[in-house]
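> Sequence and computational prediction follow.
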Amino acid sequence: MLALAPGFVIASEYASKRWRGLAVSLQSTGYALGATLGGLLAVWLLGQWGWRSVFLFGGIVTVCVLPLVWLWLPESLDFLLARRPANALVRVNRLAARLGHPALAQLPALAARVPGSASGFRQLLAPAMRRTTLVIWLLFFLVMFGFYFVMSWTPKLLVAAGLSAQQGITGGVLLSVGGILGAALIGGLASRWPLTRVLALFMLTTAALLVLFVANGASASAALALGLLIGLFANGCVAGLYALSPVVYDASVRATGVGWGIGIGRMGAIVSPTVAGVLLDGGWQPLHLYGVFASVFVLAAGCLLLLRAPRPAPVAVSDALSH
């Protein structure tokens, strides 16, 4: 989970402007695919060797991946240009050579920094960025709030609505399969149309599908078909936010901004199942909860209107090298 923010930032920086949304979305597709396969593998490991084997396997795989990351994952160009670590020019030119671009004679001049200006987390809430940060946080919270309700409660609520346990499990699997497709779809559409418009469309479509689910959830075939579509569009909303957040922050605070957005989203993910449980204990019908959470995605689509488009900036070296 800690690797999500820097991973999305690096994918965003090394993709061209047109394909940036697709690059980040495909990375989130890998996350969804890994979660699906990892869940299936965890079930098998639990049955064979118990819960400790799941953690042991996860630790071994992580250690095996570290050398690959160390050797082949490129450093952030914006980090090299903004922070100027040791041998920054050599490292930038090494990356330029790998991308087929000519070497730089010297690093570009740094923008003058205003004495006493905020940095790091404080920069996120400075007057120039406060509105953007708060809207991004709200978007992450709302989308994760709705998404984790769908992912965590759907199998149980399908069974409560009259479907068999096997059909409930199938519904959960279809949500994950739809998510793999949805992340790729929103990235492809974002290469042709503005990401905010595509993301708003996915949010509103998710809300509409959740309302349809209320009316058709008692039918096994309709519920499973809608589950696939809901997984597609709900996961697309998450992937779209991952693609959007690196774009609205400049290089000096990009990883921090994306990391905090994901962190706030996890708060929504924690609260969501609890709220659903409280409503069920209060006498709500299982399928009616989908209508409640549909309004969350409508609210998120409205919040996109509050997000200021990033102001055009001169083409940076990192942008030039990514084309």
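That came through, no problem.
> low-confidence ranges in the stretch 1-150 of the chain?
1-5, 8, 21, 32, 110-120 (pLDDT under 70).
> which stretches of it form helices?
Per DSSP state H, counting those that start in this stretch, the stretch 1-150 of the chain carries helices over the ranges 4-14, 20-49, 51-72, 77-83, 88-98, 121-124, 130-160.
> Only the C-alpha atoms, please, for the third one, written as CSV.
Put plainly, it is helix 51-72. What follows is helix 51-72, C-alpha atoms only, in CSV (Å, rounded to 0.1, in the frame of the first residue of the first chain):
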residue,chain,number,x,y,z
TRP,A,51,-2.8,-18.1,8.2
ARG,A,52,1.0,-17.7,8.8
SER,A,53,1.8,-19.0,5.3
VAL,A,54,-0.1,-16.0,3.8
PHE,A,55,2.1,-13.5,5.5
LEU,A,56,5.3,-15.5,4.9
PHE,A,57,4.5,-15.8,1.2
GLY,A,58,3.7,-12.0,1.0
GLY,A,59,7.0,-11.2,2.7
ILE,A,60,9.1,-13.5,0.4
VAL,A,61,7.5,-12.1,-2.7
THR,A,62,8.2,-8.5,-1.5
VAL,A,63,11.8,-9.2,-0.8
CYS,A,64,12.2,-10.8,-4.3
VAL,A,65,10.7,-7.7,-6.0
LEU,A,66,13.1,-5.3,-4.2
PRO,A,67,16.1,-6.0,-6.5
LEU,A,68,14.0,-5.5,-9.6
VAL,A,69,12.8,-2.1,-8.3
TRP,A,70,16.3,-1.1,-7.3
LEU,A,71,17.8,-2.0,-10.6
TRP,A,72,15.2,-1.1,-13.2
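> So which bits of that helix are buried?
By neighbour count with 16 or more other CB atoms under 10 Å, helix 51-72 contains the buried residues residue 54. All C-beta spots, glycine's among them, are computed from the backbone N, C-alpha and C.
> Check the first one too.
Buried residues in helix 4-14, counting neighbours by 16+ other CB under 10 Å, are found at 5, 6, 7, 8, 9, 10, 11, 12, 13, 14.
> Over to the fifth one?
Of the residues in helix 88-98, those with enough neighbours to count as buried (16+ other CB under 10 Å) are 88, 91, 92, 93, 95, 96.
> what's the answer for the shortest one, then?
Of the residues in helix 121-124, those buried under the neighbour-count criterion (16+ other CB under 10 Å) are 123, 124.
> CA atoms only: put that helix into CSV for me.
Provided in CSV are the C-alpha atoms of helix 121-124 (Å, rounded to 0.1, in the frame of the first residue of the first chain):
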residue,chain,number,x,y,z
PHE,A,121,2.4,18.7,4.0
ARG,A,122,2.0,22.4,4.9
GLN,A,123,2.2,23.3,1.2
LEU,A,124,-0.9,21.2,0.5
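> what's that helix packed up against?
helix 254-281 (3 or more CB pairs under 8 Å, 6 or more residues apart in numbering; DSSP states H and E).
> helix or strand right after the helix it packs on?
The element immediately downstream of helix 254-281 (helix or strand, assigned by DSSP states H and E) is helix 288-303.
> Rebuild the buried residues of helix 88-98 as JSON lines, extending it with distance to residue 265.
Shown next, in JSON lines, are the buried residues of helix 88-98 (distance: CB to CB, whole Å):
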{"residue": "88", "distance to residue 265": "33"}
{"residue": "91", "distance to residue 265": "32"}
{"residue": "92", "distance to residue 265": "33"}
{"residue": "93", "distance to residue 265": "37"}
{"residue": "95", "distance to residue 265": "31"}
{"residue": "96", "distance to residue 265": "35"}
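> between these, which is nearest residue 281?
residue 95 (55.2 Å; CB to CB).
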